[in-house]
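Participant: sequence first, predicted coordinates after that:
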Amino acid sequence: MATDTHSEIFEIAHDVSNVFKQNAAVADKKGAMPSADSKAIKDSGILKLTLPKAFGGFEASLAETLKTQLELAKGSGSSALVVAMTHTVVAQERENESWQNDLREQIFTEIGKGKLINSAASEPRLGSPSRGGLPDTYAEKEADQLLINGHKNWVTGGEHLDHLLVRLRLNDDAVTVWIPATTSGVRWEKTWGDSLSLRASDSHDLYLENVKVPETHILQENNPQAQVWFPMLMAATYLGIALASRDEIVRYAKERVPTALGKPIATLAKIQRQIGELEIQLESAKTYLLHIASFWTGDDSERASLIPKIAAAKHLAVEAALDATDKALRIAGGAAIDKSLPFERYFRDVRAGIMHPPSGDAALELVGRSSLGL
């Protein structure tokens with residue numbers, strides 16, 4: 001990507017991140033995504049990042065996209081997560097071209113206008129669709145229409161979304177259907193605002209009650225492939241939150257002057273050592289994440305060999321974020337528990353990283369099998 005293009009997209013991300021940061025503490029307290037964040041996302045052009053150039057987009061690479069995601073997440077992990085979902089949908093379809101051509105053109109044109117989109121796949125009984133199984137949400141054919149009923153959860157973006165890609169059951173098959181969010185029968189239930197993590201991501205429950213869309217809104221997707229963009233964008237989101245925690249603890253250490261000490265705690269060798277450990281941990285994870293991302297060109301023949309490395313990068317990023325935000329709390333001491341400082345929010349928010357696949361033992365087993373040649 002040309003240097004001037006890189007500068008432009010990073011400047012956009014920096015400006016949007018500043019909007020996020022101004023609102024983050026209040027948004028977390030209210031448990032709701034601020035309208036100002038949504039407006040900044042839609043008006044700034046940040047959603048054009050992964051969009052093909054034919055639709056007025058930047059057609060950014062995975063590595064370039066991760067750099068901007070790290071910056072966005074430093075402002076607010078919650079709002080950055082909403083952006084990441086649109087980037088994931090667009091980038092995967094840009095590379096796979098699995099939708100009908102006319103639907104791709106319609107949806108990509110909408111993204112170019114600053115519209116938010118997300119997949120609605122998880123369900124209370126099904127859990128994550130990554131584990132297989134048919135959804136309870138279903139569609140029935142009525143002439144050339146689909147009549148859709150069902151319940152989805154963890155739909156990040158909530159009422160700020162303009163378009164939904166809903167995974168549902170049609171006869172005995174699972175298909176994905178495009179539903180504009182303003183369609184009659186689309187209802188949101190606000191279930192997310194007091195969650196442990198990312199309280200302002202509006203990851204609410206979605207109810208579809210006799211929703212009607214044309215049968216032509218079935219996207220005709222190919223068989224699902226192992227994902228590249230989603231786990232890497234999730235890794236960048238949680239690592240970006242931890243980088244914000246690092247920035248804040250450095251600032252705090254320079255400004256905090258206990259009466260008994262008479263000088264900033266940054267002058268203490270113990271604090272210097274702890275921040276040094278935190279810095280090395282985060283920069284190592286960031287370097288590895290961007291290094292692995294640089295290998296992805298969109299060539300499907302590279303997918304299988306890269307997936308274990310992606311699992312490793314995501315696992316390393318999340319574990320580094322978990323540990324670094326814990327270290328920041330310890331360095332700040334008792335004051336960090338109070339909401340006047342952001343450390344407890346950063347600590348809570350990165351905990352959601354362990355829920356996104358591949359994670360934990362599954363990620364480690366995937367890496368291990370690859371190393372063993374199994």
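Facilitator: That came in fine, so what should we check first?
Participant: C-terminal to the helix or strand containing Glu277, what's the next element?
Facilitator: Here Glu277 is covered by helix 269-293, with elements defined by DSSP states H and E. Sequence-wise, the next helix or strand beyond helix 269-293 is helix 303-332, with elements assigned using DSSP H and E.
Participant: surely Asn118 is within a helix?
Facilitator: No: counting by DSSP: H, G, I helix; E, B strand; the rest coil, one finds Asn118 to be strand, located in no helix.
Participant: and the angle for the helix or strand hosting Ala80 with helix 303-332?
Facilitator: Under the assignment given by DSSP H and E, the secondary-structure element containing Ala80 is helix 77-96. Counting by axes from the mean of the first three to the mean of the last three C-alpha atoms, to 10 degrees, helix 77-96 lies at 170 degrees to helix 303-332.
Participant: same question for the helix or strand just after helix 77-96, mean pLDDT?
Facilitator: Under the assignment DSSP H and E, the closest C-terminal helix or strand after helix 77-96 is helix 101-112. For helix 101-112, the per-residue pLDDT values average out at 97.
Participant: then stretch 54-67?
Facilitator: Stretch 54-67 comes out at a mean pLDDT of 97.
Participant: now the end-to-end length of that stretch.
Facilitator: End-to-end distance for stretch 54-67: 23 Å, by C-alpha to C-alpha, to the nearest Å.
Participant: residues in contact with it?
Facilitator: Applying C-beta atoms under 8 Å, 6 or more residues apart in numbering, the contact partners of stretch 54-67 are 1, 5-6, 8-10, 13, 48-53, 68, 87, 90-91, 94, 108-109, 111-112, 228-229, 232-233, 235-236, 289-290, 293-294, 296-297. Yep, even glycine has a C-beta here, placed from its N, CA and C like the rest.
Participant: if you count neighbours, what's buried in the helix holding Glu277?
Facilitator: Along helix 269-293, these residues count as buried under the neighbour rule (16 or more other C-beta atoms under 10 Å): 271, 274-275, 278, 281-282, 285-286, 288-290, 292-293.
Participant: endpoint to endpoint, stretch 175-188 covers what distance?
Facilitator: Distance across stretch 175-188, first residue to last, is 22 Å (C-alpha to C-alpha).
Participant: how far off centre is that stretch?
Facilitator: 21 Å (C-alpha atoms, centre = their mean, to the nearest Å).
Participant: can you check stretch 140-147 too?
Facilitator: Centre-to-centre, stretch 140-147 and its host chain are 33 Å apart (C-alpha atoms, centre = their mean).
Participant: just the endpoints, please. Distance across it?
Facilitator: First residue to last in stretch 140-147 (C-alpha to C-alpha) measures 5 Å.
Participant: centroid residue for this structure?
Facilitator: What sits nearest the mean C-alpha location of the chain, by C-alpha atoms, centre = their mean, is Leu81, with 3.4 Å.
Participant: how near is that one to Gln69?
Facilitator: Using C-beta to C-beta, to the nearest Å, one obtains 9 Å as the distance from Leu81 to Gln69.
Participant: can you pull the residues that touch both of the two?
Facilitator: When contacts are counted by C-beta under 8 Å, 6+ apart, Leu81 and Gln69 are jointly contacted by Thr237.
Participant: turn the buried residues of helix 269-293 into TSV, columns for distance to Leu366 and pLDDT.
Facilitator: Rendered in TSV, the data for these read as follows (distance: C-beta to C-beta, whole Å; pLDDT from 0 to 100):
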residue	distance to Leu366	pLDDT
Ile271	38	98
Gln274	32	97
Ile275	33	98
Leu278	28	97
Gln281	22	97
Leu282	23	98
Ala285	18	98
Lys286	21	98
Tyr288	16	98
Leu289	16	98
Leu290	20	98
Ile292	14	98
Ala293	18	98
